[in-house]
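J.: coords please:
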Amino acid sequence: MQSSPSVKNNSLTQIWLLPLLVSLTTAVFLSIPYLLAHSLTGEGLVFTGLIMNPEDSNTYWAKMLQGYAGEWLYTIPFTPEAHDGALVGVFYVWLGQIARWLGMSLTAVWHTSRIIAATILFLTIYAFISTFTENHRIRWTAYLLTLFGSGLGWLLFIFRATYWLDAFP
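T.: The predicted structure is shown next:
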């Protein structure tokens, strides 16, 4: 006897509900350092919305600004030489377009997309692990170790080692 599609969908929902909640909660939890930095920014100072990797992140903001201005082709604003625009960093240009269309700030779109992308990544990791193990306990152990077993670069800020190995974390 075959089970009905609604039963299969229900079991799929049950299988994916907890990973979705864990993934989303983790992604939101990772926003705490950004919220703290924003709330602790002193009078007369501006928090850029960036904590890690400012060298690359500022180029992403440049792409988003150009998207916000309605451009689809990116021109490098960090050079005095004239050049044609190119279809580079399309994701960030697209985020700028989204911010313009929705009337949102670039910071809000940046962090919303960061949370969405992290959630998708975490769910993809769960799906990948699920491909190789059917044992529920092993699957969750591998998943939680993957989520929380690395990514501790923010600890460098606690020890004031903000410029390590010739690069910002």
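J.: which of the three states applies to residue 141?
T.: The three-state label given to residue 141 by DSSP: H, G, I helix; E, B strand; the rest coil is helix.
J.: measure it to residue 148 for me?
T.: Distance, residue 141 to residue 148, by CB to CB, to the nearest Å: 11 Å. Backbone N, C-alpha and C define where each C-beta goes, glycine included.
J.: compare the two and say which is more crowded by neighbours.
T.: Taking other CB atoms under 10 Å, residue 141 and residue 148 do not tie; residue 141 has more neighbours (13 against 10).
J.: need the pLDDT of the more buried one.
T.: Among the per-residue scores, residue 141 shows a pLDDT of 96.
J.: from residue 132, how far off is it?
T.: 13 Å.
J.: cool, and residue 17?
T.: Distance from residue 17 to residue 132, by CB to CB: 21 Å.
J.: likewise residue 74?
T.: Distance from residue 74 to residue 132, counting by CB to CB: 39 Å.
J.: could you do residue 122 as well?
T.: Here the criterion is CB to CB. By it, residue 122 lies 17 Å from residue 132.
J.: for whichever strand or helix holds residue 117, enumerate the helices and strands it packs against.
T.: Secondary structure assignment for residue 117, by DSSP states H and E: helix 106-132. Where contact means 3 or more CB pairs under 8 Å, 6 or more residues apart in numbering; DSSP states H and E, helix 106-132 is packed against helix 5-29, helix 54-68, helix 90-102, helix 136-148.
J.: pull out the buried positions in it.
T.: Neighbour counts over helix 106-132 (16 or more other CB atoms under 10 Å) mark 106-107, 109-111, 113, 115, 118-119, 122-123, 125-126, 129-130 as buried.
J.: angle of that helix against helix 90-102?
T.: In terms of direction (axes from the mean of the first three to the mean of the last three CA atoms, to 10 degrees), helix 106-132 departs from helix 90-102 by 130 degrees.
J.: show the pLDDT at residue 58.
T.: So, for residue 58, pLDDT stands at 87.
J.: what about the spatially closest residue to it that is not a sequence neighbour, how many residues nearby?
T.: Counting by CB to CB, 6 or more residues apart in numbering, residue 50 is the residue found nearest to residue 58 once chain neighbours are left out, at 7.4 Å. By the measure other CB under 10 Å, the count of residues near residue 50 is 17.
J.: understood, closing this out.
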